[in-house]
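Trainee: give me coordinates for this.
(one chain, ligands or ions: 1)
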Amino acid sequence: MEQIKLKNKYEVLTDVQVIKQGGQIVRFRVENIRRILAILVSDDILIEELMQEIIDNIDQNIITTEIISENVYNTLINAGLDLQARQYKEKALSKRAYYQEQLNVQTKLDQFVGGDKQVLNENANKDSRVYNTTRDLTAGVSAKAIGLRMLPKKVANAHLKGDVHYHDLDYHPYSPMTNCCLIDFEEMLQNGFHIGNAEVESPKSINTASAQIAQIVANVASSQYGGCSADRIDEVLAPYAELNYHKHLKEAKKWLPDEEQHEPYALAKTKKDIYDAMQSLEYEINTLYSSNGQTPFTTLGFGLGTNWFEREIQKAILQVRIGGLGREKRTAIFPKLVFTLKKGLNLEKEDPNYDIKQLAIECATKRMYPDVLMYDKLIELTGSFKAPMGCRSFLQGWKNDDNEEVNSGRMNLGVVTLNIPRIAIQANGDQEAFWEILEERLSIAEEALVYRVARCKDAEPENAPILYQHGAFGTRLAKDEDVDSLFKGRRATVSLGYIGLYEAATCFFGPNWEHSKEAKEFTIDILKVLKQHTDQWGDKYDYHFSVYATPSESLTDRFNRLDRKKYGSIEHITNKEYYTNSFHYDVRKDPTPFEKIAFESEYAPYTSGGFIHYCEYPNLRQNPKALEAVWDYAYDLVGYLGTNTPIDQCYECGFKGDFEPTAHGFKCPQCHNTNPETCDVVKRTCGYLGNPQIRPMVKGRHKEIASRVKHLHLDDDVSELLKEDSNRALNKETRMRILSHLDKY
Ligand SMILES: [Zn+2]
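Mentor: Next up is the predicted model:
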């Protein structure tokens, strides 16, 4: 009887609205009260009685969170639960104090100087022992506190609570910096540019061109906070290699009497120049330190060129990477290499660049990079072909006023990520509540993203001359021109990120939902809703809002940690200490690579602002054909695929393979070596590779990597696995193609 009465009352209360501290208005949810009481009181009947009283006390249709707090407190006191009332009040006070603390520059600086681990490990790419990194981190701590005060209050509160994550607060909005971009190298190299006091002329050789690229990268990396990429670098550099060739040919004609030798001589010399140029480019990028105190997050996209120069550049990039860095031949983790597969160019045995595909496969088995872009699928998903900006952010197809497709010189203005698992936890089994809370969070995300754009527009060309005045952003602006001319009309993107589709579905369907059609549809529907919203925002504001599979290098830890604190340890959700990235398959499970790719491919149409798929392999050096089979399989399904394979090396005992995870890092399984000086440990932290032994990751990310299991095993017969792939009817042509590469018709 009591239960029924309550239920009626709940329904009546659906009309009640709550004004939250940041000013957001949401529907009153009794579940939230029940959750608070459940932490304070263990007796279920008592909880229901208290709830009844709290609800009876609500006599207005619009109330503030302060009124609800008073109500809960008084109800506990009236019930003689003084201790619980005090605990409740203290919790509320400490939460408020915590928020205040986050906005206080002095307190944050004190914590940083005091050696707060969380601050130090926030960025896997930063070595916090180094002076300029320390300076950058110190500035970041202050910028974050100031930035939180600048944000709309609703957004700042939602960020601090962990409902959403406003990325890169250590730079933005304190500074109106942009996020990541495709640098317009073609324009800059052709027309020259300024860096600092120097005027740099168009290069006369590939060696000078690649040296200039490294300088541009260093400068761009210091003018934004995200990654920068070179699109189609083989094609951009080829004209400069051709200059080398003509110079050598001239020399040959002058010094070699035998005319037959002229061309071979010039080609051999040019080939050597190309190799040297690519080697110094890799070396220079790895030795660069941007003013952000880190090696610039750089990506080189290549693979579509077909002439002799372009092909030689592609081969050199791969050969240099295979060769390794320095005396110990360590794996270079920068620049990230992204190779393009394309039907008719390099996919099939009879294609002109098939040999380079083979080299790319060899490189991936030995050094993990290159990741691969699938030419046709990428155009289908994003509207044009181009390399990702940074590790996985994709521009969407766009044409200028002359109806020309433009990619290089465009940029992203930042990311705000939704904590999807939290919404599912709060919905407590009620799907209707889930969609409703998602709507509320989306309205915060909208405000946050609109603010990001508005703040970027505050920049003046002189704030970042390399970007706005000297060509990196494609159009050279005068000092007094408006930077918005490079953003608006959907030239720039701004991203709505998400995390934890796995955990969200687990809340409703249990931990092994991957084969449930209903559960899968639920997760796809989440992305559909996000996409509907970003499309609407695009129409409303005319910037390209896109749905983005957030890399969540440290967010995987932060959101999970906040939710564990708030909702306790929930099996398969918060107790793992990490949230699963975006749409990824639960890392603890072992579908075949084919199953994993097919499973994830269904999300691809709704997350075109950024994505990457990867599979975990055993050592593939002896079995490169297995990797080729996966690449071929993926070609028609996904746009962008990475390889994770054990390439760790121990210089103490000579071990090569997978280092074992320990509580904090990794050790050699043979001699237990953990010394970064005498081992090379390379793991994929997100879209980028990292050296966790040198620069430790946040705990949650470490836990996630330690939980990963292989999707392929040394004794697997790939063609057998393919036959078992019943998930998806591969068309006959594709199946034949894959099998032909395996030499198994
Ligand atoms: Zn060892």
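Trainee: can we go C-alpha only for contacts and neighbour counts from here?
Mentor: Noted.
Trainee: residues contacting the nearest residue to residue 674 once chain neighbours are set aside?
Mentor: Distances taken as Cα to Cα, 6 or more residues apart in numbering place residue 667 nearest to residue 674, at 4.8 Å, with adjacent residues excluded. Listed by Cα atoms under 8 Å, 6 or more residues apart in numbering, the contact set of residue 667 reads 659-661, 673-674.
Trainee: one more time with 10 Å
Mentor: 648, 650, 658-661, 673-676, 679, 681, 693 (Cα atoms under 10 Å, 6 or more residues apart in numbering).
Trainee: just the ones of the residues you listed in helices?
Mentor: Among the contacts of residue 667, no member falls in helices (DSSP state H).
Trainee: if we go by neighbour counts, what in stretch 619-632 is buried?
Mentor: Using 16 or more other Cα atoms under 10 Å as the test for burial, stretch 619-632 gives 619-621, 624-632.
Trainee: try stretch 637-656
Mentor: Buried, per 16+ other Cα under 10 Å, within stretch 637-656: 637-651, 655-656.
Trainee: CA atoms of stretch 520-537 as PDB?
Mentor: Extracted in PDB, the C-alpha atoms of stretch 520-537 (Å, rounded to 0.1, in the frame of the first residue of the first chain):
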ATOM      1  CA  LYS A 520      23.600  -3.100 -29.900                       C
ATOM      2  CA  GLU A 521      20.700  -1.000 -31.200                       C
ATOM      3  CA  PHE A 522      20.600   0.900 -27.900                       C
ATOM      4  CA  THR A 523      24.300   1.900 -28.300                       C
ATOM      5  CA  ILE A 524      23.900   2.800 -31.900                       C
ATOM      6  CA  ASP A 525      20.900   4.900 -31.000                       C
ATOM      7  CA  ILE A 526      23.000   6.800 -28.600                       C
ATOM      8  CA  LEU A 527      25.300   7.800 -31.400                       C
ATOM      9  CA  LYS A 528      22.400   8.600 -33.600                       C
ATOM     10  CA  VAL A 529      21.000  11.000 -31.000                       C
ATOM     11  CA  LEU A 530      24.500  12.700 -30.700                       C
ATOM     12  CA  LYS A 531      24.700  13.000 -34.500                       C
ATOM     13  CA  GLN A 532      21.200  14.500 -34.800                       C
ATOM     14  CA  HIS A 533      22.100  17.100 -32.200                       C
ATOM     15  CA  THR A 534      25.500  18.000 -33.800                       C
ATOM     16  CA  ASP A 535      23.800  18.300 -37.200                       C
ATOM     17  CA  GLN A 536      21.200  20.600 -35.800                       C
ATOM     18  CA  TRP A 537      23.800  22.700 -34.100                       C
END
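Trainee: among the buried residues of stretch 619-632, which pair sits farthest apart?
Mentor: Distance extremes for the buried residues of stretch 619-632: the farthest pair is 619 and 632 at 19.0 Å, using Cα to Cα.
Trainee: from the ion, how far out is residue 715?
Mentor: 25 Å (Cα to the ion, to the nearest Å).
Trainee: okay, which residue is most central for this protein?
Mentor: residue 551 (2.6 Å; Cα atoms, centre = their mean).
Trainee: how about that one, phi and psi?
Mentor: Note on residue 551: backbone dihedrals following degrees, to the nearest 10 are phi -60, psi -30.
Trainee: I'd like to know how many residues surround the closest residue to it other than its chain neighbours.
Mentor: Leaving out its chain neighbours, the residue that sits closest to residue 551 by Cα to Cα, 6+ apart is residue 686, at 5.4 Å. Number of residues near residue 686 (other Cα atoms under 10 Å) recorded here: 19.
Trainee: same check, this time on residue 173
Mentor: By other Cα under 10 Å, the residues close to residue 173 number 26.
Trainee: ditto for residue 587
Mentor: Neighbour tally, residue 587, other Cα under 10 Å: 20.
Trainee: what helix or strand does residue 459 sit in?
Mentor: Using DSSP states H and E, residue 459 falls within no helix or strand.
Trainee: get me the contact residues on the protein for the ion.
Mentor: 650, 653, 668, 671 (Cα under 5 Å from the ion).
Trainee: for the first one, which residues are in contact?
Mentor: This points to residue 650. If a contact means Cα under 10 Å, 6+ apart, then residue 650 has 656-657, 659, 667-681 as its contacts.
Trainee: got the buried residues for stretch 44-53?
Mentor: Neighbour-count burial for stretch 44-53 [16+ other Cα under 10 Å]: 47-48, 50-53.
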